[in-house]
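A.B. asks: pasting the sequence and the predicted coordinates here, then a few questions.
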Number of protein chains: 4
Amino acid sequence: MQEFTKFPTKTGRRSLSRSISQSSTDSYSSAASYTDSSDDEVSPREKQQTNSKGSSNFCVKNIKQAEFGRREIEIAEQDMSALISLRKRAQGEKPLAGAKIVGCTHITAQTAVLIETLCALGAQCRWSACNIYSTQNEVAAALAEAGVAVFAWKGESEDDFWWCIDRCVNMDGWQANMILDDGGDLTHWVYKKYPNVFKKIRGIVEESVTGVHRLYQLSKAGKLCVPAMNVNDSVTKQKFDNLYCCRESILDGLKRTTDVMFGGKQVVVCGYGEVGKGCCAALKALGAIVYITEIDPICALQACMDGFRVVKLNEVIRQVDVVITCTGNKNVVTREHLDRMKNSCIVCNMGHSNTEIDVTSLRTPELTWERVRSQVDHVIWPDGKRVVLLAEGRLLNLSCSTVPTFVLSITATTQALALIELYNAPEGRYKQDVYLLPKKMDTNGRITMTSPHEPRNSNRVFFKITFIFFLLLSF
Amino acid sequence: MQEFTKFPTKTGRRSLSRSISQSSTDSYSSAASYTDSSDDEVSPREKQQTNSKGSSNFCVKNIKQAEFGRREIEIAEQDMSALISLRKRAQGEKPLAGAKIVGCTHITAQTAVLIETLCALGAQCRWSACNIYSTQNEVAAALAEAGVAVFAWKGESEDDFWWCIDRCVNMDGWQANMILDDGGDLTHWVYKKYPNVFKKIRGIVEESVTGVHRLYQLSKAGKLCVPAMNVNDSVTKQKFDNLYCCRESILDGLKRTTDVMFGGKQVVVCGYGEVGKGCCAALKALGAIVYITEIDPICALQACMDGFRVVKLNEVIRQVDVVITCTGNKNVVTREHLDRMKNSCIVCNMGHSNTEIDVTSLRTPELTWERVRSQVDHVIWPDGKRVVLLAEGRLLNLSCSTVPTFVLSITATTQALALIELYNAPEGRYKQDVYLLPKKMDTNGRITMTSPHEPRNSNRVFFKITFIFFLLLSF
Amino acid sequence: MQEFTKFPTKTGRRSLSRSISQSSTDSYSSAASYTDSSDDEVSPREKQQTNSKGSSNFCVKNIKQAEFGRREIEIAEQDMSALISLRKRAQGEKPLAGAKIVGCTHITAQTAVLIETLCALGAQCRWSACNIYSTQNEVAAALAEAGVAVFAWKGESEDDFWWCIDRCVNMDGWQANMILDDGGDLTHWVYKKYPNVFKKIRGIVEESVTGVHRLYQLSKAGKLCVPAMNVNDSVTKQKFDNLYCCRESILDGLKRTTDVMFGGKQVVVCGYGEVGKGCCAALKALGAIVYITEIDPICALQACMDGFRVVKLNEVIRQVDVVITCTGNKNVVTREHLDRMKNSCIVCNMGHSNTEIDVTSLRTPELTWERVRSQVDHVIWPDGKRVVLLAEGRLLNLSCSTVPTFVLSITATTQALALIELYNAPEGRYKQDVYLLPKKMDTNGRITMTSPHEPRNSNRVFFKITFIFFLLLSF
Amino acid sequence: MQEFTKFPTKTGRRSLSRSISQSSTDSYSSAASYTDSSDDEVSPREKQQTNSKGSSNFCVKNIKQAEFGRREIEIAEQDMSALISLRKRAQGEKPLAGAKIVGCTHITAQTAVLIETLCALGAQCRWSACNIYSTQNEVAAALAEAGVAVFAWKGESEDDFWWCIDRCVNMDGWQANMILDDGGDLTHWVYKKYPNVFKKIRGIVEESVTGVHRLYQLSKAGKLCVPAMNVNDSVTKQKFDNLYCCRESILDGLKRTTDVMFGGKQVVVCGYGEVGKGCCAALKALGAIVYITEIDPICALQACMDGFRVVKLNEVIRQVDVVITCTGNKNVVTREHLDRMKNSCIVCNMGHSNTEIDVTSLRTPELTWERVRSQVDHVIWPDGKRVVLLAEGRLLNLSCSTVPTFVLSITATTQALALIELYNAPEGRYKQDVYLLPKKMDTNGRITMTSPHEPRNSNRVFFKITFIFFLLLSF
C-alpha cells in the first residue's frame, strides 16, 4: 500500500492549490458538519461497513449518514432539471448500457445526481474523490447505500487518495471502458499503472484546466491512444463558472463571512475580466460604490462604459471598505497596499491564483493574526488597525460560498452527454485526440465539435444530441 | 420567584411571534453553536460564576465563552463606525455620567457595542434579554467579563425571562433613571412593580412597534409620567429595516437555505411596498425575471414604472420558481396556489405577518413534510411534487439571514443619541409624552422633534446633536 | 379692449417664470415650426377665419394648419389610452351633459385629447392658453376645425392673453358652470370680472402650484364660494412629473442638445430629491459615473445606499463632464465653480428654479457667449476654455425635451375625473373648500378625499370612480 | 464626365443600403436643415465659389455656410478628446509630414475633426464623400474655408459621386500616397483608373465591412500590392458601434420620433446579439418590461441569465407596445405578426438589414399609410388599428438618432494612428496584406498586429503607439 505515496510532490502541490473545497459542507445550512467532530478517528480503510443490502463494495466515512446524504441529494435534484430530464428521457433507451465508468470528481450532492443519472442510463460506476478535503461524507454514504462503489471521505491522506483511485480501477472481473476525470489524476493512474486497461478505454471526459493540459501533453507526445473531450473550455462552462457564478458568489461569500452590508460601501475590484464583471455588476446593483483597476485597455474601456471609475489601486486604497482581486496575476495587493488600508477593510480574492494578495508579507512578527471565524482572520497592526482577510487569500467563491447547483447542473449535463456520445460513437468518428465542445449548433440542431490540432472544417464530427434541448429545459 | 409567571399569556404569545431570532447565532459563520450542545443542562440561575475580576454581578450561560464573545463584538465594531465615533468623541465629556440605565434588548454582538458605548459615555448599565431565544451566550459572557451586569441566556423559560428583568431593576443601592426597551416588557415591569422607580425615570427610549403601541396606550390613559422617544418610526429605521435591509437579506436568506441560483429564475413577489421594492430590486439585478402582485394602485403603478409586470398570482403560479410574500396581509398564498405550483418551487415570506402563506393548509394527511435542512421543509404531494417551504412561512430575513451590522448600527446610534438627549435635556423641554424622531433638520443642524399628540409647531423641541454628523461618518 | 392690460405686473412675472414651454413645438419631430416663419405677421385677432363648417367661433393663428394638427392629436391619442378608454366607456352615459366648461391650459396635442374627451362626454368647452408661448398653432387650428371655441396662438401679447380668456368667458347666451385652470389666471379673471358667473360655478379643477396657492389664499380669506380640486398635489402627478418623467427627460434633453454619449461620462447631480433620483437612475443605468451633492441627511443617506458617492461640489468640479442641478435652491453652481470646470463641461438645470446656476455671473465682459445651437450656448473663457450651457440655466426638461404623452395622460385623466365628480356630486358632498386627491382607496374601490382644512375623518367624501380602473387600463 | 456612370449597379445597391445617413443633419438641434430648403437648385459642380483666402480648390454646396459649419466642428471637438490630444502631442513632431492622403468618408463634423487633425500632423488631404446623402453641407463649407480640398455635398447624383472621387485623386502635380476609405469605392477607383498611383500607395486604412471584404478579395486574387489595415474589425469599434452605441441610440431614436415614455412599456426585442444586448439593457433600466426572441442557444441563455424572458414572437405579439428587430435575418416580423399587433404598437429595426420587418407586405390596398412625421408612418388597418412604423423599417439608429461623437472619436483616432503607423513603418514591416488591429498589448505597451492569412506568431509586427494612452485620455 505504500506504493501510493509514490506521487507525493505533485499531489502535494495540487492539493494545496485545491484545498479550497467546492463542497457545501461548510455552508450555513449543512448539518453535516456536526457529525464530523463526533466521529471517531478510525480510518475508513480500517472499518468494516455494510450497506442495508449487505454490500461492502465501498469505503466511506460512515454508512449511517446515508439518510441525511439522501436528503442533500434530493435538494440538489430540485435545481438540476436538465440532468433529471435527461435521466427521464433516456432511461428507457439506456444509452450507457454496458458502459463501465471510473470516475474521479468532487463527491458532492450534485455529482451524486450525475453518478446516479449515469447509472439510470445503464452504466456501472466506480468512483473516487479528486480532492482530499472536498468529499461530503454523508453524500458518499448515500451513494454507497444506493449501491455505487464509492471510495472517498473528507480528510484523506495522500496515500488514501491514491488507494481510493486504485480501488476504483483495480477490481477482479470488472474492467473500466470509460473515464470521467476532474484534474487528470485518475487518467494518469490508469495510463501509468494499467496500460492494458487504458488502451481499451473508449473515451475520456475531462473537466479541469489541469487535466485538459495533461491530456494535451499526452496527445502532443503521441501517447493519447483514446479520444478525449475537453469539457472545461466549453462556452457555457466559461460563462457560468465566471460571469454568472461570481455575480452571485461574491455576495454570498462576503455575506456569510462578514455579514457586511453592501449598500453604501466603497469597493475596489482589481481586474475587469469575466470574474470582475460579475462581481462588479452584483455589487453595483446592491448599492456599493465600485472602483476598478485594470491594465488591459479593452477591459478598462468596458469598465468605463459600464459606469465604473477606472483607477490605480493607490488612489483609492485609503478610502475603500472592501478590496477584491480577480486579475489572475501575482501580488496585485502588496504589503504596502495593506499597510495603507483603513481599519476594518475587508480583503479577499475571487481570481484564479492564490497569490493575488501578498498574504506572505503579512506573516511578520509585528502583525498579530486573530482567527475570528472560520475563513476570517483579523490581521492587526501595532496601532490597532485591523484588516479582515478572507480565506487567507484563497478563492472566496470556493472557500466561503457554495457553487449554485444550477451551475453544476450545466456542467454535469455536459459531461453526461459527452460520455454518451463517446460511448456510442461509431468507429472512426473520434480519433485519438482532444475534442472541444462547440460554440455553435448547425441548423439541424447538431453541434459541431472540432479538434484544435487539426485544420478547421477538415474533420467535422457531429454531436447529435441537441444542446439547446437541455438548455431550454433548464428554465 | 414564582411570581414571575404571572404574565404568562401575553408573554407566551409575544415569544411565539418573535421566536424568530435576530441573532447571528444560527449563521454560517458563527462558531458559537458548537458550544451550546456541549454545555450542561444546569440552569444559569443555579450556577455560581465569577468573572476574572471576581465579580458575580451577572447571570449568563457560561462565563468561559467570554473570549469568543469578545471576538464577535470586535467583528461587529468593524461595521459600526457611527457608534464607535460617537464613543470616541464623547467619552471625554461623559454625557451620560450619572445615568443609570436598565436595558432590555436582544443580546447580540451589536447591542453589546451599544451597551459598551453607553458605559464609555459614563452610564451604569444593567441588562436583560427581550427575547427568550435570541441571546448570543458568548456575547453575554463577554459583557459579564467586562463588568456589565447582564442577565440573559439563550433558551430562558418564561419565569427566567421575568426573573432576569427583575434582577436588572431590583438592586439595593442602585436606582435606574433611564430605560432602553425593545418590546415594552421592561417598561411595563417597572411601571407595575416599581412605581416609585418609574416616577423618577428621566426618559424611556423604545424601539419596537409593540412597545411604542403600549407607550401610546399609557399616554392616552394619562399614565405616562415620563417622556419617551419612539425610535421605531424614525425615517432611517423604516428605510433601513425595510428597503435597504431586505434588498440584501432576500438574497442572503434564499442562498443560505437553498443555494439557488438567481439568474434566469422566475420569481413572483406579492406586495410592492418598501419590503417588496427591496426584494425586487435585488432579484432583478441578479438576473431573475420578477413578477409583482399588488392591490394598491399607487404601488402597482410604481411597479409598472420600475419595469415589473403586475399580474394576478393565478396567472403565473404554475410557471414561477420562487414565491415571496411581503404584503402584510393574511393567506396571500393559499392551498390552491400551493397545489398548482410546479415541482421544486420555493415559497417564503418576507412580510410582517407569519400568516401570509397559508401554512396551516399544508398540514393535512395527504402531504408529507420532510425537514431537509434547518429552516427548510420539503412538502411532498402524493404525485411526488415537492414545494420547498422556508422557515415554515415565518420571516425569512430574520430566520435565515443575518441583519447587517450596519443596519443595527444606525438604530443603535439613534438610541444612544436619544438617551443622551433625554438625560441632558433641561427641565420642561420634554413633557410626559411620546416623541418622534424628525424627518428634517433645521438650518442650524438642529433636528426638530414633534409630539404627534399636540398641534404641530406649538411645542418645538430641539435635538441638538447633529444627526448628519454621525450619518456622514458612517461612510 | 385696453382693459386687458390691467394685470400687467403679475402676468409679466408669471410669463417670465413660465417662458419655458411644455410644448413639443421645439422638438425634433414636430414639423410645426416651419409653418411659423412662413406665416404672415397679421395678428390673429385681426384675421377673419372660418372653419370648413362655416363657424368662426374661435381665434387661432391659421385654420389651414388643422389637418397637420389633427395628425399630431392622433399621435398623442396613441399613448393616452387611459383617457381614450374613459371616453369610450362614458360617452354613452354622457356624464358631462349640460356642463359648460371654460378652460385655460397649455394648448398642445395632449390637452386637445382632453378637451375632445370632455366634449365626447357631453360638455361644451371654450378654451384659452395659460401661457403666451406654449400654444401649438396647428393643434389649436385642429380644435377650431372640430368645432371647439379655442382662443390661443403662439406668441400672444399680454393684452392678447387676457383678451383670449375674456372671449372664453364672455359670450352671450352661454354661461360657464365649470372651470379647468392651470395657473389660476382664468379663475382670477372670472372671480374679479364676472362675480355672478363665479357664484354659479359648480367646481374648479386646478393643476398648478401657483393656481393651488391662489385658491388656498381665496379660501383662507373666506372668498372661495366654490368647491375646488387640487390636482397638483396628487401622488401620481408628483411621482410622474418628477421621478419618472425626469428619468427619461434628462437623457432626452442632453441628447437632443449635445449628442453627448453617456457611457463613461463623469456627472455630478446636485440634489437627490425625486428629480435627482430620476436623473441619477437613468444616467447610472447608461454607464455614467455619477456623484451627488446633497445637504439633507436623509436624502444623502439614500444616495449612499443607492450606490452614489456623496461629495461636495468643489471636490469633483474639476473632473466632471456634466453638471446637473435639481436642488430647488439658488446659486448652487457659482461663478467660482464655473471658473474651475474643465473644457467642454456641460451645465444644465433640471430643478424648479431658474436660478440654481448663477448664469448672471457669466454675463461679464471677459467671457464670450456663442450660441451654437438652439438652447445651447458656449461660454468661452479668455484661455479658450468652453463651458456648454443649456437653456441658459432654465429647466432642461421643459426647454429641450418633450414631456411624454403618457405622463400628460395621467394628469389629464385625473382632471377629467375630477370634473365629472364635481359636476355630478350631490348637493353638500363638497363644501366651499380645496380638496386633495387621495393616496388610498378604501376596500370598495372608493377613493377618500379629504380637505386639509378640516380634521381628518370628520368630513369624508367619496370619489366613486375607481381610480385603479383607469390606471390599470393604461398598461 | 459620363464615364462616372460606369459603376451604376453596385453603387446603386450600396446607396440604397446606406441611404440612411449617419449625419446629424436631421437631428433636433442642427440648424443646418433650414438652409437646405432656401438654397437654389444649381448643382455645386456648376457654381463658381471661392473661400476667403481666394482658393477655389474645392466643390461644396455653399461656401457661405462655413461659419455655421465651424461651430458644428467646435461642438464635435468637445467630445473628441482622444483625437484632440493626439493632435496636440504630435503636431510638433509632424509624423505625417509629406503624407498625401486621399479620403472618402461621410463628411460630418466628426470626420472634419479627423481631417483637420491629419493636416495638423503634417498631411495634405483631398476628400470626398462615401455616401451621396450623408454630407453636412455646412461642415464641408467650413473645411473648404479652412483650405481642405473637399468635394462633397448632400444629394449628389451617382455621376457626381464618382466625379468628386476623381477630383480628389486626379490633380496635376499632386500624387496621393495614402488612402483612407469607408466602403472601398475610392480604393477601387484608384486601383482601376490610376494603377500607377495605386502601386505607390504606402498604405490603405479601411473602416467598413464592405470595404474590408473587397480588400480581402483583392488580396486573395493576389492583386493587393499595398498593405491595408482593417479598422472595422477592431474590438473597440465592434463594441462601440453595437453594444454601447445602440444602448443609447435606441432610446434616442424612439424618443425623437414618438416621444414615447419607456417606463411600464412592454417591449419585445428580436435578437440578443451585441445590438440586442445594448437595446435591452437601456430599456430595462428605464423601466420597460422586455421580452427576447432568440434562436442561438448561447445568446438565449445569456438573455435568461440577464433576467429577460425568452419567448416566441407569437406568444407576446398581441400584448407588446414596441417591437424592435436586431437579428440580422430577414422577415423576422411578418405580415401575420403585424396583423396581430395591438393598436398603436411601435415597430422599428436596429439590425443590420433593412428587411427584418416585412415592410413590403404592408404595401397592400386595404392598408392606409399616413406619414405623421418625418420617419414616422401610421399604417392603418380597415378596423382603424394603427401600427407606428419607424424609418420604414430601415435602421432606426442611423435614421432617427445621432451617432454619439465619442463613438466616432474612437474610430477616428484609430484611423489616424493606423495612418501614422503605415506611413512611418520601416520597409518590410508590413507586407501586401490586410492587417487587423490587435486585442492585446504586450507588456511594453506595444500592440501586436497579426495578419489573418499567415500563421500566428510567425509575422509579428509592432504598433508602437500606445493604444492605452489615448484610450485613457478619453476619460
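C.D. replies: Looks like it came in fine. Fair warning: this is a prediction, and the values are worked out from it, not measured in the lab.

A.B. asks: domain map for chain A?
C.D. replies: Following the TED database, chain A resolves into domains at A:48-237+A:403-445, A:242-400.

A.B. asks: report the distance from the longest one to the chain centre.
C.D. replies: Read it as domain A:48-237+A:403-445. Distance of domain A:48-237+A:403-445 from its chain centroid, counting by Cα atoms, centre = their mean, to the nearest Å, is 13 Å.

A.B. asks: how about the shortest one?
C.D. replies: Centroid separation for domain A:242-400 versus its chain: 22 Å, with Cα atoms, centre = their mean.

A.B. asks: end-to-end on that domain?
C.D. replies: Taking Cα to Cα, to the nearest Å, domain A:242-400 runs 16 Å from one end to the other.

A.B. asks: before we move on, what about stretch A:260-279?
C.D. replies: Start-to-end span of stretch A:260-279 (Cα to Cα) is 15 Å.

A.B. asks: and chain B, is that stretch touching that?
C.D. replies: Yes - for stretch A:260-279, a contact with chain B is found by Cβ under 8 Å from any Cβ of the partner chain, at A:260-264, A:266. The C-beta positions use only the backbone N, C-alpha and C, and glycine is treated the same way.

A.B. asks: and that stretch, is it in reach of chain D?
C.D. replies: No - interface with chain D: stretch A:260-279 contributes nothing (Cβ under 8 Å from any Cβ), its closest point being 10.3 Å away.

A.B. asks: what sits against the residue of the stretch 101-250 of chain A found nearest chain B?
C.D. replies: Evaluated by Cβ to the nearest Cβ, the stretch 101-250 of chain A has residue A:244 as its residue closest to chain B, separated by 5.1 Å. When contacts are counted by Cβ atoms under 8 Å, 6 or more residues apart in numbering or on different chains, residue A:244 touches A:278, A:407, B:261, B:263, B:287, D:305.

A.B. asks: you'd agree the last one is up against residue B:287?
C.D. replies: Yes - the pair residue D:305 and residue B:287 passes the contact test of Cβ atoms under 8 Å, sitting 5.0 Å apart.

A.B. asks: tell me, what's touching these two both at once?
C.D. replies: In contact with both residue D:305 and residue B:287: A:244, B:263-264, using Cβ under 8 Å, 6+ apart.

A.B. asks: if we can go back for a sec, narrow the residues of stretch A:260-279 next to chain B to those in strands?
C.D. replies: residue A:266 (DSSP state E).

A.B. asks: take the residues of stretch A:260-279 next to chain B and lay them out in JSON lines including distance to chain C, neighbour count and pLDDT.
C.D. replies: Formatted as JSON lines, these follow (distance: Cβ to the nearest Cβ, whole Å; neighbours: other Cβ atoms under 10 Å in any protein chain shown; pLDDT from 0 to 100):
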{"residue": "A:260", "distance to chain C": "14", "neighbour count": "22", "pLDDT": "90"}
{"residue": "A:261", "distance to chain C": "9", "neighbour count": "29", "pLDDT": "90"}
{"residue": "A:262", "distance to chain C": "9", "neighbour count": "28", "pLDDT": "94"}
{"residue": "A:263", "distance to chain C": "4", "neighbour count": "23", "pLDDT": "91"}
{"residue": "A:264", "distance to chain C": "4", "neighbour count": "24", "pLDDT": "89"}
{"residue": "A:266", "distance to chain C": "8", "neighbour count": "19", "pLDDT": "95"}
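
A.B. asks: the longest helix in chain A is where?
C.D. replies: helix A:405-424 (DSSP state H).

A.B. asks: what is the mean pLDDT for the helix or strand following that one?
C.D. replies: Sequence-wise, the next helix or strand downstream of helix A:405-424 (DSSP states H and E) is strand A:434-436. With pLDDT averaged residue by residue, strand A:434-436 scores 80.

A.B. asks: partners of strand A:434-436 in the sheet?
C.D. replies: Sheet pairing for strand A:434-436, assigned by DSSP bridges, gives strand A:228-230 (parallel).

A.B. asks: quick check: mean pLDDT of the strand it pairs with?
C.D. replies: The pLDDT scores in strand A:228-230 average 89.

A.B. asks: residues in contact with residue A:179?
C.D. replies: Here residue A:179 is in contact with A:101-103, A:186-187, A:190, A:201, A:203-205 (Cβ under 8 Å, 6+ apart).

A.B. asks: same question for residue A:280.
C.D. replies: Residue A:280 neighbours (Cβ under 8 Å, 6+ apart): A:269, A:272, A:290, A:292, A:303, A:306, A:308.

A.B. asks: for chain B, what is the nearest residue in the stretch 151-300 of chain A?
C.D. replies: For the stretch 151-300 of chain A, Cβ to the nearest Cβ, closest residue to chain B: residue A:285, 3.1 Å.

A.B. asks: CA atoms of stretch A:58-66 as CSV?
C.D. replies: In CSV, the C-alpha atoms belonging to stretch A:58-66 read as follows (Å, rounded to 0.1, in the frame of the first residue of the first chain):
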residue,chain,number,x,y,z
PHE,A,58,-17.3,0.8,-1.0
CYS,A,59,-15.3,2.8,1.5
VAL,A,60,-16.8,5.8,3.2
LYS,A,61,-16.6,7.6,6.5
ASN,A,62,-19.8,6.4,8.0
ILE,A,63,-22.5,4.5,6.1
LYS,A,64,-25.0,5.5,8.8
GLN,A,65,-25.1,9.1,7.4
ALA,A,66,-26.7,7.8,4.3
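
A.B. asks: list the buried residues for that stretch?
C.D. replies: A:58-63, A:65-66 (16 or more other Cβ atoms under 10 Å in any protein chain shown).

A.B. asks: before we move on, the earlier item: what's around the residue of the stretch 151-300 of chain A closest to chain B, how many residues?
C.D. replies: Using other Cβ atoms under 10 Å in any protein chain shown, residue A:285 has 20 neighbouring residues.

A.B. asks: still on that earlier bit, now flag whichever of the contacts of residue A:244 is closest to residue A:318.
C.D. replies: residue A:278 (26.3 Å; Cβ to Cβ).

A.B. asks: my guess is that closest one meets residue A:241, correct?
C.D. replies: No - assessed by Cβ under 8 Å, residue A:278 is found out of contact with residue A:241, at 9.9 Å.

A.B. asks: so between the two, which is more surrounded?
C.D. replies: residue A:278 (25 against 20).
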